[in-house]
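Engineer: for reference, the sequence and a predicted model appear below.
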Amino acid sequence: MNKIVFTGGGSAGHVTPNLALMAKLRAKGWRAEYIGSRDGIEKQIIASSGIPYHAISSGKLRRYFDLKNIKDPFRVLLGVGQAYRLLRRIKPDIVFSKGGFVSVPVVVGAWLNRIPVIIHESDLTPGLANKLSVPFAAKVCTTFPETTRHLPPGKAVSIGLPIREELLQGSKSKGLNICHFSGEKPVLLVMGGSLGAQRINEAVRAALPELLERFQVVHICGKGQLNSELERRHGYRQFEFIQEELPHILAMADVVVSRAGATSIFEFLSLSKPMLLIPLTRGQSRGDQIMNAESFERQGYAAVLPEEQLTPERLVLDVSQLYAHREQVQARMPKQAGRASAEAAVRLIEETAAKA
């Protein structure tokens, strides 16, 4: 039986694409295990998958001055030792890394054990963890075609982003029932994300009177961001987060307002959802969401509203224009993108493991 170890963490976007690949590989008879951090979000997500989970030490590798920079390199070294011993015991045929700082010790541990590694980079330019991991990898999969120019020739393979099969199987009618919506108006889905959700939440709620004239609004606003005063507003539903019901909510949505994290926007793309992207500013991130959003805008998949220009009035205008041109946007979107990406990743995993 073939074995694979997955790693990646720090955010849901570093974990959920792994779930898509796990399902396909397990259906082919592979055994999968996961290495992550002790208290990261990856542990919560993998817990419900039935995949054996192993926790190791990890440290954040910061580009800025912080006293934790003194301790964290030792945590990374400890993690390398722990990953090395784990992999020596598990004896996988291959390691697949989705990035995040916990992945670095695992990638190095695999290299020390002469186990081939495939990395997947979600964003348009590689993050620091993946930059450190690239020299130890056999192949680096990219989500955006433009990313290949930032990587060594011969290693980069552009495949897109693997999408969980269950996301593609939602029911519009179930989504409407969950939100107690009618089918009389189109549905606007707002996903603020966990980072910087407050600014989007404030603009959406200030714009609600105008938005509700045109749309029914389902608002995933983030932990602790519910507004009790709006609970009974007709045509408006708010959730801190959604998990099992997400495929149905996505199936119901006609247009989406979102940040520009790579995993989320490629999930919308796979479902042919026109999107208005409000990327995190450079002050809130390394600028990867801005580049992701610009790429989607160039390809005609999305409209972009910089946060610096976000007002309730501009939000209503841009969402209305996007809805008016939704058919043209959808016509430019590739069909079955998520399924094709997952299949391409599985083929690459099989080929690389067979050569080892």
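Structural biologist: Arrived safely.
Engineer: how about the contacts made by the residue lying closest to residue 167 once chain neighbours are set aside?
Structural biologist: Take residue 167 and drop its neighbours on the chain: the residue closest to it by C-beta to C-beta, 6 or more residues apart in numbering is residue 247, 5.2 Å away. Where you see a C-beta, it was placed from the backbone N, CA and C, and this is true even at glycine. Contact analysis of residue 247 by C-beta atoms under 8 Å, 6 or more residues apart in numbering lists 166, 167, 168, 169, 170, 171.
Engineer: domain parsing for this structure?
Structural biologist: 3-158, 166-337 (automatic domain parsing).
Engineer: looking at those, which is closest to residue 352?
Structural biologist: domain 3-158 (5.2 Å; C-beta to C-beta).
Engineer: please identify the buried residues of stretch 75-82?
Structural biologist: 75, 76, 79, 80, 82 (16 or more other C-beta atoms under 10 Å).
Engineer: what helices or strands is the host helix or strand of residue 209 leaning on?
Structural biologist: With elements taken from DSSP states H and E, the one containing residue 209 is helix 197-214. Contact here means 3 or more C-beta pairs under 8 Å, 6 or more residues apart in numbering; DSSP states H and E; on that basis helix 197-214 packs against strand 187-191, strand 216-220, helix 312-324.
Engineer: relative to residue 115, which of those is closest?
Structural biologist: Closest approach to residue 115 among the helices and strands packed on helix 197-214 is made by strand 187-191 (36.6 Å; C-beta to C-beta).
Engineer: partner strands of the closest one, with direction?
Structural biologist: strand 216-220 (parallel), strand 255-258 (parallel) (DSSP bridges).
Engineer: do you know which of the ones you listed lies nearest residue 4?
Structural biologist: strand 255-258 (30.8 Å).
Engineer: redo the helices and strands packed on helix 197-214 as TSV? Include mean pLDDT, distance to residue 86 and mean neighbour count.
Structural biologist: TSV is the format used below for those (pLDDT from 0 to 100; distance: least, C-beta to C-beta, whole Å; neighbours: other C-beta atoms under 10 Å):
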stretch	mean pLDDT	distance to residue 86	mean neighbour count
strand 187-191	96	35	25
strand 216-220	96	35	24
helix 312-324	98	47	17
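Engineer: format these as TSV; extra columns: distance to residue 333.
Structural biologist: TSV is the format used below for the helices and strands packed on helix 197-214 (distance: least, C-beta to C-beta, whole Å):
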stretch	distance to residue 333
strand 187-191	16
strand 216-220	21
helix 312-324	13
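Engineer: out of these, which comes closest to residue 180?
Structural biologist: Closest of the helices and strands packed on helix 197-214 to residue 180 is strand 216-220, at 9.5 Å (criterion: C-beta to C-beta).
Engineer: give me the angle between that closest one and helix 197-214.
Structural biologist: Per axes from the mean of the first three to the mean of the last three C-alpha atoms, to 10 degrees, the angle that strand 216-220 makes with helix 197-214 is 170 degrees.
Engineer: quick one: name whatever helix or strand follows strand 216-220.
Structural biologist: Using DSSP H and E, the first helix or strand after strand 216-220 is strand 236-239.
Engineer: just the C-alphas of that next one, formatted as CSV.
Structural biologist: This file holds the C-alpha atoms of strand 236-239, laid out as CSV (Å, rounded to 0.1, in the frame of the first residue of the first chain):
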residue,chain,number,x,y,z
TYR,A,236,-30.4,39.3,5.7
ARG,A,237,-28.7,36.3,7.4
GLN,A,238,-25.4,36.5,9.3
PHE,A,239,-23.2,33.7,10.5
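Engineer: other SSEs contacting that strand?
Structural biologist: strand 216-220.
Engineer: please save the CA atoms from the strand it packs on in CSV.
Structural biologist: Extracted in CSV, the C-alpha atoms of strand 216-220 (Å, rounded to 0.1, in the frame of the first residue of the first chain):
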residue,chain,number,x,y,z
GLN,A,216,-30.9,38.9,-0.3
VAL,A,217,-27.7,39.0,1.7
VAL,A,218,-25.9,36.1,3.5
HIS,A,219,-23.0,37.5,5.5
ILE,A,220,-20.3,35.3,7.0
